[in-house]
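Engineer: My questions are about this predicted structure, shown below with the sequence.
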Amino acid sequence: MAAIFFWLFSALMLGFACAVVFNRNPVASALSLVVSFGGLAALFFMLDAYFIGTIQILVYAGAVMVLFLFIIMLLDMKVEERRRLNTGVTAGGLVVAAAFTAQIFSVVEQVPFGNRPFPTLPDRLDDVHNVGSLLFSQYNLPFQVVGVLLLVATVGVVILSKRELK
Amino acid sequence: MEVTLDDYLLVSGLLFAIGFAGVLLRRNIIIIFMCLEMMLNAANLSLVAFSRFRVVEGLPNYNGQMLVFFIITVAAAEVAVGLAVIVALYRARGTTHVEDVSSLKF
């Protein structure tokens, strides 16, 4: 049962990821990416990472992709016109990507204990509680540093979007 | 048939390869940026799979999920700054096509 859902959501995620690359319309690409991230969140849920899966939907499929769609519509991007394909670059890109895939496959085959099933977890898993307590104890300093990073990014974005710097 | 760690790693590698191909093949900066996000997410998937596989005292190893949390936060900041740069570029040059922005090309 779990295997069927795993392959179903993997196929959904990878199929819509391909749609992002091959769509000529930027809005269609962005919406395909939303579906792809939804499939990825489902895989997170299947790995019992409920907090990360929820964050994935809220932050990525929600906030980040809405930002992408805003920018696409703000710049008023049309469907990309068919430019003459640079065959050398296209073939090179495909070859590099295929070589990379082959390499990933060969490395994954060599992972020791990779074909063992996942260990079982207790029936009741306080996922958010565990993540939260670790975040505010052992990872407290990185957490605050990330807060400062977000503040700096916000200020930077405001300054970047000003028309003239005084 | 049971799902193993290998299956998750293969799916994650395939997602990374699709994003990588997108970065190499597409010429629109915004699409390239979306494919970068896809590659970050592929790394997140393998981190969560390893965290679930490495059970310590009956619980998943949450250190991997912490790293994913920080990656998501930093990626959100990166998207905000990157899109602001793209908007500034569009104001200056009126294009989001990488082949039209080549002043730094040797």
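Structural biologist: Ah, there it is.
Engineer: thinking B:Ile29 is in contact with B:Val98, fair?
Structural biologist: Yes. Taking CB atoms under 8 Å as the definition, B:Ile29 is a contact partner of B:Val98 at 6.0 Å. In short, each C-beta sits where N, CA and C put it, glycine included.
Engineer: which stretch of helix or strand covers A:Phe136?
Structural biologist: Of the helices and strands defined by DSSP states H and E, A:Phe136 is found in helix A:127-137.
Engineer: Can you give me the buried ones in the helix or strand following that helix?
Structural biologist: Using DSSP H and E, the helix or strand that follows helix A:127-137 towards the C-terminus is helix A:140-160. Using 16 or more other CB atoms under 10 Å in any protein chain shown as the burial criterion, the residues of helix A:140-160 that qualify are A:142, A:146, A:149, A:153, A:157, A:160.
Engineer: Tell me the pLDDT of the residue positioned nearest the centre of chain A.
Structural biologist: Per CA atoms, centre = their mean, the C-alpha nearest to the average position across chain A is that of A:Phe37, at 5.8 Å. For A:Phe37, the model assigns a pLDDT of 95.
Engineer: Assess the claim that it and A:Gln56 are in contact.
Structural biologist: Yes. Using CB under 8 Å, A:Phe37 is in contact with A:Gln56, at 6.4 Å.
Engineer: hey, what's in contact with both of the two?
Structural biologist: Common neighbours of A:Phe37 and A:Gln56, using CB atoms under 8 Å, 6 or more residues apart in numbering or on different chains, are B:Asn41.
Engineer: which secondary element of chain B has the worst mean pLDDT?
Structural biologist: Evaluated with mean pLDDT, DSSP states H and E, the helix-and-strand set of chain B has its lowest mean pLDDT in strand B:55-56, which scores a mean of 84.
Engineer: That one close to chain A?
Structural biologist: Yes. Strand B:55-56 comes into contact with chain A when judged by CB under 8 Å from any CB of the partner chain, the residues involved being B:Val55.
Engineer: picking that back up, contact partners of the helix holding A:Phe136?
Structural biologist: Defining contact as CB under 8 Å, 6+ apart, one finds that helix A:127-137 is touched by A:48-52, A:143, B:59, B:62-63, B:65-66, B:69.
Engineer: which pair in those residues spans the largest distance?
Structural biologist: Greatest spacing in the contacts of helix A:127-137, by CB to CB: A:Asp48 and A:Phe143 (22.4 Å).
Engineer: Tell me which other helices or strands the helix or strand bottoming out on mean pLDDT in chain A touches.
Structural biologist: Considering only helices and strands, the least confidently modelled element of chain A by mean pLDDT, DSSP H and E is helix A:87-109, at a mean of 88. Helix A:87-109 sits against helix B:5-25, with contacts defined as 3 or more CB pairs under 8 Å, 6 or more residues apart in numbering or on different chains; DSSP states H and E.
Engineer: Could you list every helix and strand that the helix it packs on packs against?
Structural biologist: On a contact count with 3+ CB pairs under 8 Å, 6+ apart, helix B:5-25 meets helix A:2-22, helix A:26-46, helix A:87-109, helix B:29-53.
Engineer: how far does it sit from the chain's center?
Structural biologist: If you compare the mean C-alpha spot of helix B:5-25 with that of the full chain, they lie 10 Å apart, counting by CA atoms, centre = their mean, to the nearest Å.
Engineer: okay, the angle between that helix and helix A:87-109?
Structural biologist: When axes from the mean of the first three to the mean of the last three CA atoms, to 10 degrees is applied, the directions of helix B:5-25 and helix A:87-109 differ by 170 degrees.
Engineer: how big is the angle separating helix B:5-25 from helix A:2-22?
Structural biologist: Relative orientation of helix B:5-25 and helix A:2-22, computed by the same axes, to 10 degrees: 10 degrees.
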